[in-house]
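Participant: Provide a 3D model corresponding to the input given below.
(one chain, ligands or ions: 1)
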Amino acid sequence: MGKALDGVRILDFTHVQSGPTCTQLLAWFGADVIKVERAGAGDITREQLRDLPDADSLYFTMLNGNKRSLTLDTKNPQGKRVLERMIRECDVLVENFAPGALDRMGFSWEHIQSLNPRLIVASVKGFGPGPYEDCKVYENVAQCVGGAASTTGFDDGPPVVSGAQIGDSGTGLHLALGIVTALFQRTHTGRGQKVLAAMQDGVLNLCRVKLRDQQRLERTGVMKEYPQFPNSAFGDAVPRAGNASGGGQPGWILKCKGWETDPNAYIYFIAQAPVWDRICKLIGREEWIDDPHFATPSARLPHLKDIFAEIEHWTMARTKFEAMAVLNRHDIPCGPILSMKEIANDASLRASGTIVEVEHPVRGKYLTVGNPIKLSDSPTEVTRSPMLGEHTDEVLAEFGYSETEIRSLRASGAI
Ligand code: CAO
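Facilitator: Purely as a prediction, here's the structure:
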């Protein structure tokens, strides 16, 4: 079966996490992703957080599957000529260098356009245009400047960053959408274009409910679904909301059996309005169904702490999986807090291809995430990450270089 992006050739100058997530997604959809790395060095993550002495790290292998690796020194005069030839024949160039690096290499937008006006040039940067546009940015910086950190954590503690890599992988997702959209537009216009995904913008896009709440707060001075209500005062900016549910359905994380020794023996419980009567019956508080202090969602808001404390008596008598089974029978939305160990061993995630085991020539078997987006006509087969320069000769041959020319490029230090 063919793949959605069959025939799309991508020149992949990405490194670390944000850009590689984007190009790995495109590779999963069938694009030919040629990862360009410096000989002898490669993507810095190949050697970061190594768990095996001489094997590419899991950091690298889990972000670069389904790609080919070509070594090329783009600051070497002959390397520059190779890059020019590749630009003429590729569809997309993706990069997440520090601001200005592509220009410093001699590949300005104007130069690239003169070589191939159909090329889409896609970039991740920390910030969009403005006072910080020249700054380098990593994941947690993006979470801090995009509104995630100030709104995550508990009210009486400092800002907290999330384990979800919304700055890097989140921006990679945004960029991938920008690229396929630009490819679609090119089918009408015949022209390439620049695609920019700034990490600050990507994080803010994922935090839009907090920008919503900022405006609600400014208008009304209070947000009744936040745990600060009704006992603490609100300031002038959206506060940290602990584990309160962001939407109109109140939720909280509750202890389950074993919480004293297991840090993940908890469940997220949503006191959804349509099933309020079932919740009351289940926890033995049937009188709350008609009690005017508890009967309606707005009446319940000032008592959420007490309500969840009562529900917690019920959850603490069960394991998180027992609680989940019973709650689901009653159609009450909930979610056990799953550890990474539990997720790694989850049979259904493996069966669906969301967690995949692949074989690597140096490190042996390793687990990686598979494509979280399933297309019925474009199935994803996850393959291992490439060794540094594994495909240099193969790729150069496809771009018309003879064996003699490849030997001479190697002698010059260009590849
Ligand atoms: N041949 C020759 N030179 C190459 C090359 C190649 N194949 N690949 C990279 N280089 C050069 C670049 O041209 C650059 O040279 P100059 O500094 O002379 O312009 C140099 O290598 C370093 O590239 P860099 O600036 O991107 O790398 P860094 O380690 O200094 O910064 C990072 C890393 C991530 C902070 C920066 O790239 C960045 O801010 N990127 C944008 C935001 C981003 O994606 N951040 C997420 C990273 S994941 O947490």
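Participant: looking at it, Lys320 is touching Phe269, isn't it?
Facilitator: No - with contact defined as Cβ atoms under 8 Å, Lys320 does not reach Phe269; the gap is 10.4 Å. Using the backbone N, CA and C atoms, a C-beta is placed for each residue, glycine as well.
Participant: Secondary structure element holding Thr181?
Facilitator: Assigned by DSSP states H and E, Thr181 belongs to helix 169-189.
Participant: What helices and strands are in contact with that helix?
Facilitator: If contacts are counted by 3 or more Cβ pairs under 8 Å, 6 or more residues apart in numbering; DSSP states H and E, helix 169-189 sits against helix 18-28, strand 92-95, strand 120-125, strand 194-198, helix 199-206.
Participant: Not counting its neighbours along the chain, what's nearest the residue nearest the centre of the chain?
Facilitator: Closest to where the C-alpha atoms of the chain average out (Cα atoms, centre = their mean) is Ser169, at 2.8 Å. Counting by Cβ to Cβ, 6 or more residues apart in numbering, Thr21 is the residue found nearest to Ser169 once chain neighbours are left out, at 4.5 Å.
Participant: What about the one you found, how many residues nearby?
Facilitator: Thr21 is flanked by 25 other residues according to other Cβ atoms under 10 Å.
Participant: ditto for Arg46
Facilitator: Arg46: 21 neighbours (other Cβ under 10 Å).
Participant: For the residue nearest to Arg191 when sequence neighbours are not counted, give its distance to Glu225.
Facilitator: Closest residue in space to Arg191, ignoring its immediate chain neighbours: Pro117 at 5.9 Å, by Cβ to Cβ, 6+ apart. Distance of Pro117 to Glu225, computed by Cβ to Cβ, to the nearest Å: 51 Å.
Participant: More neighbours: which of those two?
Facilitator: When Pro117 and Glu225 are compared on other Cβ under 10 Å, the one with more neighbours turns out to be Glu225, at 18 against 11.
Participant: The more buried one contacts Ala244, correct?
Facilitator: Yes - because the distance of 6.3 Å satisfies Cβ under 8 Å, Glu225 is recorded as touching Ala244.
Participant: Helices along the stretch 251-400 of the chain, start to end?
Facilitator: 276-282, 297-300, 304-315, 320-329, 340-344, 347-351, 392-398 (DSSP state H, counting those that start in this stretch).
Participant: Just say which of the helices and strands packed on helix 169-189 is most tucked in.
Facilitator: Of all the helices and strands packed on helix 169-189, helix 18-28 carries the top mean neighbour count, a mean of 28, counting by mean count of other Cβ atoms under 10 Å.
Participant: Run the angle between it and strand 194-198 for me.
Facilitator: Angle between the axes of helix 18-28 and strand 194-198 is 120 degrees (criterion: axes from the mean of the first three to the mean of the last three Cα atoms, to 10 degrees).
Participant: residue contacts, the closest residue to Val94 other than its chain neighbours?
Facilitator: If the residues on either side of it in the chain are set aside, Val94 comes closest to Ala122, at 4.7 Å by Cβ to Cβ, 6+ apart. Residues in contact with Ala122 (Cβ atoms under 8 Å, 6 or more residues apart in numbering) are 22, 92-95, 175, 178-179, 182, 194-197.
Participant: I'd assumed Arg88 was in contact with Gly400.
Facilitator: No - checked against Cβ under 8 Å, the pair Gly400 and Arg88 is beyond contact range at 10.6 Å.
Participant: Which of these two has more residues huddled nearby?
Facilitator: Neighbours per residue (other Cβ under 10 Å) separate Gly400 from Arg88, with Arg88 holding more: 12 against 9.
Participant: Tell me how many other residues crowd Val137.
Facilitator: Neighbours around Val137, by other Cβ under 10 Å: 24.
Participant: Sorry, wrong one. I was asking about Gly42.
Facilitator: 22.
Participant: Could you do Arg278 as well?
Facilitator: 16.
Participant: Touching, it and Asp331? I think so.
Facilitator: Yes - counting by Cβ under 8 Å, Arg278 touches Asp331, with 7.1 Å between them.
Participant: what ranges do the strands span in this protein?
Facilitator: 9-13, 32-37, 68-71, 92-95, 120-125, 194-198, 251-255, 266-270, 334-336, 355-360, 364-369 (DSSP state E).
Participant: How far off centre is the last one?
Facilitator: Right, the one you point to is strand 364-369. Here the centre of strand 364-369 is set off from its chain's centre by 19 Å, with Cα atoms, centre = their mean, to the nearest Å.
Participant: Same question for the second one.
Facilitator: Mean-position distance between strand 32-37 and its chain equals 20 Å (Cα atoms, centre = their mean).
Participant: Could you do the shortest one as well?
Facilitator: How far strand 334-336 lies from its chain's middle: 22 Å, per Cα atoms, centre = their mean.
Participant: got it, and the third one?
Facilitator: Shown here is strand 68-71, whose average C-alpha point lies 24 Å from the average C-alpha point of the whole chain (Cα atoms, centre = their mean).
Participant: neighbouring contacts of it?
Facilitator: Where contact means Cβ under 8 Å, 6+ apart, the residues beyond strand 68-71 that reach it are 32-40, 42, 386-392, 394-396, 415.
Participant: Return the members of those classed as buried.
Facilitator: 32-39, 42, 386, 388-392, 395-396, 415 (16 or more other Cβ atoms under 10 Å).
Participant: Domain ranges for the chain, per the record?
Facilitator: Domain assignment for the chain by the TED database gives 7-203+343-410, 249-331.
Participant: low-scoring pLDDT stretches of this protein, where are they?
Facilitator: Along the chain, the model assigns pLDDT under 70 to no residue.
Participant: Near the ligand, which residues of it are found?
Facilitator: Proximity of the chain to the ligand, by Cβ under 6 Å from any ligand atom, involves residues 16-19, 36, 38, 72-75, 96-98, 101, 104-105, 124-126, 136-139, 168.
Participant: Of these, keep whichever come out buried.
Facilitator: By neighbour count, with 16+ other Cβ under 10 Å, these hold 16-19, 36, 38, 72-74, 96-97, 105, 124-126, 137, 139, 168 as buried.
Participant: list the residues that contact both of Glu225 and Ala244?
Facilitator: Pro250.
Participant: So what touches stretch 209-220?
Facilitator: With Cβ under 8 Å, 6+ apart as the criterion, stretch 209-220 contacts Gly147, Thr151, Leu204, Met223, Phe234, Asp236, Ala237, Val238, Gly246, Gly247.
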